[in-house]
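**Student:** Requesting a structural model of the entry that follows:
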Amino acid sequence: MKFLVDECLTVDLVSIATQSGHQASHVAHLGKAGWKDWNVAAFAAEGDFVLVTNNASDFKNIYKRQPLHAGLVIIIPNVNRVHQQQLFRAVIQKLAEIGEPINRVLEADIEGDDAVFRLYDLP
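**Tutor:** Sure thing, here's the model as predicted:
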């Protein structure tokens, strides 16, 4: 899988994806920091990236209008870098179980000490 990590999340997620055998880029490393969300979504679609963000409301609205997309991963809580890393590792494990999230959203949240997921189609 190829991941595009939004600027609202730590750049550390790129190395986690790479260590897990995936390709990944961070918006800031591509010179796209400050881009509007619709530009980021279009770039992700053109590059066949699964977008990883915690900006749920904006990107769900954009992605529900796309007839085909590689997938959207939303890290729900606004947490520190270490917790983002832990949740993203759990996301990668979950995606290994369910496969590519084409036209789906995988939301990752925390309940107590556990990662919990919600997977649904979009659009």
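**Student:** remind me, longest helix of the protein?
**Tutor:** helix 81-98 (DSSP state H).
**Student:** Using the three-state scheme, assign residue 40.
**Tutor:** Secondary structure, DSSP: H, G, I helix; E, B strand; the rest coil: residue 40 is helix.
**Student:** Neighbours of it, how many?
**Tutor:** Neighbourhood size, residue 40 [other Cβ atoms under 10 Å]: 23. C-beta: built from backbone N, CA, C; applies to glycine.
**Student:** Am I right that it is in contact with residue 49?
**Tutor:** No: judged on Cβ atoms under 8 Å, residue 40 makes no contact with residue 49 at a distance of 9.6 Å.
**Student:** Mutual contacts of those two, please.
**Tutor:** Jointly contacting residue 40 and residue 49 under the rule Cβ atoms under 8 Å, 6 or more residues apart in numbering are residue 4.
**Student:** Show me where this protein has its helices.
**Tutor:** 12-19, 37-47, 56-63, 81-98.
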